[in-house]
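Peer 1: have a look at this prediction, sequence included:
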Amino acid sequence: MTPRQTRIPREAVDLGVPFRGGGLGAPLVTEDTLSGQLVLNFTGGGEFVRLDLDTAELLGRWELGGGCGEFSLVQAPDGCIYLPLWNGHVKRFDPAKSEIEDLGEPIPGDIIYCAVWHPVWNRLYGGTVGRGPMANGSGRIWCYDPVADEFSDLGPAFDGERLWSLAALPDGRLACGVAPHARLVVFDPRIGEKRDVWPDDLPAQQWLYDMEVGGDGLLYVTCVPGPELVVFNAHTMDYVGRLAAPVATGLDWNMHFLASSQGRVYGVLKPAGELVQLDWEQGMRKIADIGPQKMCDFTCTPDGRCVFLDHHEPVYRVADPKSGETWTRRAEFEGKGATALMGVWRGPDDRFYLAAGGMQLLIRTSGEPGDFERLGQASDGGGQPQCMLAHDGRLWLFSYTWAWVSIYDPAQPWNAGRERGCNPWQCCKLGQDQNRPHQAYLGPDGLIYVTSTSAYGLRGGALSRIDPGTLEVQVERLDDQTPWALAADAQYVYCGTAMRDESDLAPLASEAKILVWDPGESAFVAEYTPVAGATHYEFLHLGGPNNRILFGSTPAGTLFGYDLDMGTVDYLDATLERDGSRIGSLLPGPGSTFYLTSGGRLLLWDYGRGRLEVLVSTDQAWLHGLVQAADGTLLATAGPQLLRFR
């Protein structure tokens with residue numbers, strides 16, 4: 001049971017930044033034209049950082065005001081480095097002046113994910129993944145002309161799909177990789193023509209994640225989930241075939257990023273972390289072992305070496321493909337920290353567990369300032385833990401991508417792996433094409449219930465049940481809704497849905513619902529719509545007289561109480577919705593009250609008195625993941641920070 005304090009918190013205490021130094025991305029190695037010094041450029045925690053490649057000496061760091069996408073650092077022939085940002089702006093770093101200039105937004109409101117310099121036109125081309133919370137919509141092609149100092153909107157790459165990767169083709173055209181429903185669009189800037197060349201007999205449920213043109217005149221394209229790479233003739237854009245990994249790599253291998261140097265194209269097989277050279281005639285040839293990493297962000301140096309960023313630590317590895325030799329350097333600077341914590345959860349040991357977006361790492365804290373213990377990587381599938389549940393002395397972790405399930409015993413030493421006896425034990429996936437877990441809850445039948453969104457490009461999601469003893473997983477797929485919020489009483493499991501998913505397809509349902517699952521019948525037996533027209537029920541809790549009021553919230557800012565016996569809405573308050581404030585968390589408080597966060601505020605919702613009170617206002621933009629400690633104080637995440645309310 002969650003403790004309910006009687007003392008109402010009135011102040012926030014900053015506990016610190018748990019993740020520092022990691023989260024590095026978008027690597028680019030450049031050469032100083034005067035000294036010949038090789039410089040490693042990358043982004044991390046909203047900063048642009050430059051190091052001496054050989055010594056790891058810090059050469060400089062600059063605030064960006066928005067993280068870069070993984071592919072985004074691009075060098076122009078004049079030596080300037082372009083930094084397209086997630087917030088839609090494009091910035092330019094001039095090494096001669098050591099200054100960064102904001103060039104503006106190519107497509108106002110769109111998220112930028114990829115960019116490439118085209119030597120034929122001496123212009124920067126980029127792509128967006130659309131707009132909105134899940135970046136749904138049509139990704140657009142844009143161009144920056146440095147002579148005219150202006151952007152051009154060149155229209156969607158493919159209507160209704162995201163533009164995820166780009167490559168400059170030898171004849172002046174652009175190859176545009178589309179996701180999540182695979183399309184390879186060839187764009188000719190001279191006449192504005194866009195032509196899809198993706199063969200009909202290739203899997204359509206793919207993300208064309210990255211692409212590189214090799215010295216053999218072929219275009220290599222990574223497909224996620226893959227596992228094959230797809231190869232095209234870079235001059236004619238005719239389909240050549242698929243390039244498969246060696247059998248010894250295993251069944252769940254994958255490849256995201258590519259890089260090239262001196263005409264050779266390289267990739268990294270994950271989760272094994274093997275550097276391979278791609279060659280259509282000879283296949284994939286292993287070059288070196290670099291160890292398991294997130295998705296292995298890497299680049300090539302002008303002299304032909306490969307450089308890999310560690311997503312957990314301020315560390316990078318350099319591999320020489322000619323000799324197979326590798327070496328490691330640690331950057332001696334304190335990073336600003338992860339761009340965002342995924343949340344905070346209370347473990348079975350009454351300590352708190354944290355995960356950060358993209359970093360995979362699990363951190364444990366007592367809740368005291370600066371007390372953060374870095375445990376390790378809970379899942380080798382990439383991404384990060386999305387939700388956790390303490391049950392029977394263990395912490396169950398549910399991770400994106402591919403909805404991996406891991407079980408951690410805090411009383412035993414850390415020894416992560418997929419074999420039984422590992423700790424945490426990465427024991428299984430939810431399956432049924434599930435990808436991003438949302439919430440986990442213990443049901444009245446002793447099973448663990450988990451909500452999740454289906455894989456990219458697929459509709460809806462699922463409500464899954466896991467037997468903690470046998471690890472048997474049962475999955476109830478929904479195509480028209482995504483199961484999200486969870487609550488349970490002695491008889492039923494209540495599941496709030498969302499109309500949003502990651503299919504990039506038009507919604508099938510007109511509004512979200514609360515579905516009632518009967519474990520005895522193994523079926524949904526009822527549904528409620530307490531808020532007319534709601535598109536998402538994000539949090540649910542049972543309370544009130546005899547625990548028969550189902551309380552909840554919508555992200556838009558509406559609070560409600562639904563009387564399960566009367567079948568009526570007992571309480572409805574849209575104050576926050578009228579204020580334009582999005583609800584970030586909802587947690588039971590003392591008596592008939594609830595704590596919630598909205599923007600940077602902690603509030604108290606007194607259901608009995610029909611009152612909403614602001615308890616603490618912070619200077620943070622967004623509070624998330626509210627949880628209560630044994631002493632009744634509250635913890636919440638705020639971007640890269642952890643706060644305690646007392």
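Peer 2: Received the coordinates, thanks.
Peer 1: give me the buried positions along the helix or strand of the chain with the lowest mean pLDDT.
Peer 2: Across the helices and strands of the chain, the lowest-confidence element by mean pLDDT, DSSP states H and E is helix 575-579, at a mean of 78. With burial defined by 16 or more other C-beta atoms under 10 Å, the residues of helix 575-579 counted as buried are 576, 577. All C-beta spots, glycine's among them, are computed from the backbone N, C-alpha and C.
Peer 1: which residues does it contact?
Peer 2: Applying C-beta atoms under 8 Å, 6 or more residues apart in numbering, the contact partners of helix 575-579 are 554, 556, 557, 558, 559, 582, 583, 598, 612.
Peer 1: separate out the buried members of these.
Peer 2: Buried among those (16+ other C-beta under 10 Å): 554, 556, 557, 558, 559, 582, 583, 598, 612.
Peer 1: thought the last one was touching residue 601?
Peer 2: No - look at residue 612 against residue 601 with C-beta atoms under 8 Å: they stay out of range, at 10.6 Å.
Peer 1: tell me where the model's unsure across the stretch 251-400 of the chain.
Peer 2: Applying pLDDT under 70 to the stretch 251-400 of the chain picks out residues 251-253, 291-296, 333-339, 358-359, 381-383.
Peer 1: need the three-state assignment for the closest residue to residue 108 other than its chain neighbours.
Peer 2: Leaving out its chain neighbours, the residue that sits closest to residue 108 by C-beta to C-beta, 6 or more residues apart in numbering is residue 88, at 6.7 Å. Assigned by DSSP: H, G, I helix; E, B strand; the rest coil, the conformation of residue 88 is coil.
Peer 1: what separates residue 88 from residue 159, distance-wise?
Peer 2: The spacing between residue 88 and residue 159, counted by C-beta to C-beta, to the nearest Å, is 20 Å.
Peer 1: ok, those two, which is more surrounded?
Peer 2: Taking neighbours as other C-beta atoms under 10 Å, residue 88 and residue 159 compare with residue 88 leading, 18 against 9.
Peer 1: ok, the more buried one touching residue 104?
Peer 2: No - using C-beta under 8 Å, residue 88 makes no contact with residue 104, being 9.2 Å away.
Peer 1: which residues does residue 230 contact?
Peer 2: Taking C-beta under 8 Å, 6+ apart as the criterion, residue 230 is in contact with 184, 202, 220, 221, 223, 239, 241, 242, 243.
Peer 1: swap in 10 Å and give it another go.
Peer 2: Neighbouring residues of residue 230 by C-beta atoms under 10 Å, 6 or more residues apart in numbering: 177, 182, 184, 198-199, 202-203, 206, 208, 211, 219-223, 239-243.
Peer 1: skipping its backbone neighbours, what lies nearest it in space?
Peer 2: What sits nearest to residue 230 in space, not counting adjacent residues and going by C-beta to C-beta, 6+ apart, is residue 221, at 4.6 Å.
Peer 1: for the host helix or strand of the one you found, what is the average pLDDT?
Peer 2: Using DSSP states H and E, residue 221 falls within strand 218-224. In this model, strand 218-224 has an average pLDDT of 93.
Peer 1: residues near residue 239, how many?
Peer 2: 16.
Peer 1: same deal with residue 444?
Peer 2: Counted with other C-beta under 10 Å, residue 444 comes out at 15.
Peer 1: what's the helix or strand containing residue 570 packed up against?
Peer 2: Secondary structure from DSSP H and E places residue 570 in strand 568-573. Secondary-structure packing of strand 568-573 (3 or more C-beta pairs under 10 Å, 6 or more residues apart in numbering; DSSP states H and E): strand 549-553, strand 559-563.
Peer 1: quick check: residue 609 touching residue 573?
Peer 2: No - using C-beta atoms under 10 Å, residue 609 makes no contact with residue 573, being 11.7 Å away.
Peer 1: more neighbours, these two?
Peer 2: Between residue 609 and residue 573, counting by other C-beta under 10 Å, residue 573 is the more crowded of the two (18 against 11).
Peer 1: how confident was the prediction at the residue of the chain most remote from its centre?
Peer 2: Residue farthest from the centre of the chain, counting by C-alpha atoms, centre = their mean, is residue 566 at 40.9 Å. Confidence at residue 566, expressed as pLDDT, is 94.
Peer 1: and what of residue 60?
Peer 2: For residue 60, the model assigns a pLDDT of 93.
Peer 1: which residue, other than its chain neighbours, is closest to it?
Peer 2: residue 50 (5.0 Å).
Peer 1: what about that neighbour, how many neighbours?
Peer 2: Per other C-beta under 10 Å, the neighbour tally for residue 50 reads 21.
Peer 1: same question, residue 472
Peer 2: So residue 472, with other C-beta under 10 Å, has 11 neighbours.
Peer 1: quick check: it vs residue 465, distance?
Peer 2: Counting by C-beta to C-beta - residue 472 and residue 465 are separated by 8 Å.
Peer 1: and for residue 209?
Peer 2: 32 Å.
Peer 1: now swap in residue 526 and tell me
Peer 2: Taking C-beta to C-beta as the measure, residue 526 falls 18 Å from residue 465.
Peer 1: what of residue 387?
Peer 2: Relative to residue 465, residue 387 is positioned 15 Å away (C-beta to C-beta).
Peer 1: of those two, which one has the most company?
Peer 2: Neighbours were counted for residue 387 and for residue 465 using other C-beta under 10 Å; residue 387 has more, 24 against 20.
Peer 1: what helices and strands are in contact with the strand or helix carrying the more buried one?
Peer 2: Assessed by DSSP H and E, residue 387 sits inside strand 384-391. Secondary-structure packing of strand 384-391 (3+ C-beta pairs under 10 Å, 6+ apart): strand 341-346, strand 352-356, strand 361-365, strand 394-400, strand 404-408, strand 434-442, strand 448-454.
Peer 1: switch to 7 Å and redo it
Peer 2: strand 341-346, strand 352-356, strand 394-400, strand 434-442 (3 or more C-beta pairs under 7 Å, 6 or more residues apart in numbering; DSSP states H and E).
Peer 1: adjacent strands (with direction) for it?
Peer 2: strand 394-400 (antiparallel) (DSSP bridges).
Peer 1: just the angle for the partner strand relative to strand 434-442, thanks.
Peer 2: Angle, strand 394-400 to strand 434-442, by axes from the mean of the first three to the mean of the last three C-alpha atoms, to 10 degrees: 150 degrees.
Peer 1: what comes into contact with strand 394-400?
Peer 2: 347-348, 353, 378-379, 381, 383-389, 405-410, 424, 435-437, 440, 448, 450 (C-beta atoms under 7 Å, 6 or more residues apart in numbering).
Peer 1: please identify the helix or strand for residue 316.
Peer 2: Under the criterion of DSSP H and E, residue 316 resides in strand 315-319.
Peer 1: sorry, that was for residue 369
Peer 2: Residue 369 is located outside every helix and strand, with elements delineated by DSSP H and E.
Peer 1: ok, how many other residues are close to it?
Peer 2: Applying other C-beta under 10 Å, we find 13 residues neighbouring residue 369.
Peer 1: which residue sits closest to it, ignoring its sequence neighbours?
Peer 2: residue 15 (5.0 Å).
Peer 1: that neighbour touches residue 645, doesn't it?
Peer 2: No - counting by C-beta atoms under 7 Å, residue 15 does not reach residue 645; the two are 10.8 Å apart.
Peer 1: so where is the stretch 101-250 of the chain shaky, pLDDT-wise?
Peer 2: Using pLDDT under 70, the stretch 101-250 of the chain drops low at 131-137, 227, 246-250.
Peer 1: now the strands: where do they sit in it?
Peer 2: Assigned strands in the stretch 101-250 of the chain, in chain order: 112-118, 123-128, 140-145, 150-156, 162-168, 174-179, 183-188, 193-196, 207-213, 218-224, 229-233, 239-243 (criterion: DSSP state E, counting those that start in this stretch).
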